[in-house]
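J.: Make a model of this:
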Amino acid sequence: MNIAARPTPDETRERILVVAEELFRRIGYWKTTVGDIAEALGMSSANIYRFFPSKKAINEALCGKLVAGLLAAARAVARGSGTPSERVFALLMALHRHHRDQLTNHERVHEMVVVAMDEDWASIEAFIDACKALVGDLVAEGQASGEFGPGDPMMLGELAFNACAGVLHPILITKCAREGLSEDEIDAQARALVAFAIRGLANPQIFSIAFS
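T.: Below you'll find the predicted structure:
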């Protein structure tokens, strides 16, 4: 007689996160309760709390899992082929398109991301810092090759990232969509803004004005 192996605590935590994500996608972030998650798993709410002390803890763990996957994809783009400016462009556009896709096709999960950004969840802050560092590393490469102007590459990477906030922040992307812009129009705006930021990285005079 075969006896099924009992799941480890890590396996149970992963099952809880998988089911939580499924429920967020199906009924929405706000409507999903710990009781819903427990019922879907055939567990009691008390048992869920053995692994996560609160719904917020589940949300933060799931958010961390989702942004970890996005960060891995962003790093792959940053390590891809092309000049530093081409890779900065590809990286920022990849982030924009991912956020826009979440808004358009996964709006109920997007609810969680907006809350996470508004409340400065640690996973979101770490993700943003990591993305800024990726841009900074590419700026350093571009400076070494003469493609970008002088200045602290990490600071310039952060400035370039922040300059593109209008096409990277979920709430601002939502605003564009609500203004009736099509995906093609939003994409064109994003491409223009990212290209503008990259032109700034290539212009030493702008740097001297910014840091004078």
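
J.: now the residue nearest the centre of the chain, nearest residue through space, not along the chain?
T.: Among the residues of the chain, residue 67 comes closest to the average C-alpha position under Cα atoms, centre = their mean, at 5.2 Å. Nearest residue to residue 67, sequence neighbours excluded (Cβ to Cβ, 6 or more residues apart in numbering): residue 127, at 4.2 Å. Using the backbone N, CA and C atoms, a C-beta is placed for each residue, glycine as well.

J.: how about the one you found, what does it touch?
T.: By Cβ atoms under 8 Å, 6 or more residues apart in numbering, the residues touching residue 127 are 67, 70-71.

J.: closest to residue 138 among these?
T.: Distance to residue 138 across the contacts of residue 127 (Cβ to Cβ) is lowest for residue 71, with 15.0 Å.

J.: Neighbours of the closest one, how many?
T.: Counted by other Cβ atoms under 10 Å, the residues lying close to residue 71 total 17.

J.: so it is in which element?
T.: helix 55-78 (DSSP states H and E).

J.: got the buried residues for the helix or strand just after that helix?
T.: Once the chain leaves helix 55-78, the next helix or strand it forms, by DSSP H and E, is helix 84-105. Going by neighbour count (16 or more other Cβ atoms under 10 Å), the buried part of helix 84-105 is 84-85, 87-96, 99-100, 102-103.

J.: give me every residue that touches the nearest residue to residue 122 once chain neighbours are set aside.
T.: Closest residue to residue 122 apart from its sequence neighbours, by Cβ to Cβ, 6+ apart: residue 60 at 7.2 Å. Counting by Cβ under 8 Å, 6+ apart, residue 60 makes contact with 116, 121-123.

J.: rerun that using 10 Å as the cut-off
T.: Neighbouring residues of residue 60 by Cβ atoms under 10 Å, 6 or more residues apart in numbering: 52, 54, 112, 116, 119, 121-124.

J.: any idea how far residue 67 is from it?
T.: Residue 60 is 11 Å from residue 67, where distance means Cβ to Cβ, to the nearest Å.

J.: shared neighbours, these two?
T.: Common neighbours of residue 60 and residue 67 (Cβ under 10 Å, 6+ apart) are 116, 121, 123-124.

J.: Just among those, which is most surrounded?
T.: residue 116 (24 neighbours).

J.: what's the helix or strand for that one?
T.: Element membership of residue 116, judged by DSSP H and E, is helix 107-118.

J.: Next secondary structure element downstream of that helix?
T.: Using DSSP H and E, the next helix or strand after helix 107-118 towards the C-terminus is helix 122-145.

J.: So what touches stretch 151-162?
T.: Under the contact criterion Cβ under 10 Å, 6+ apart, stretch 151-162 has outside partners 88, 91-92, 95, 128-129, 131-144, 148-150, 168, 194, 196-198, 200-201, 204, 206-208, 210-211.

J.: which stretches of the protein have low pLDDT?
T.: Counting by pLDDT under 70, the ranges of the chain that qualify are 1-4, 103-110, 171, 174, 176-178, 204-212.

J.: Can you point out the buried residues in the strand or helix carrying residue 38?
T.: Secondary structure from DSSP H and E places residue 38 in helix 34-41. By neighbour count on 16+ other Cβ under 10 Å, the buried set for helix 34-41 is 34, 36-38, 40-41.
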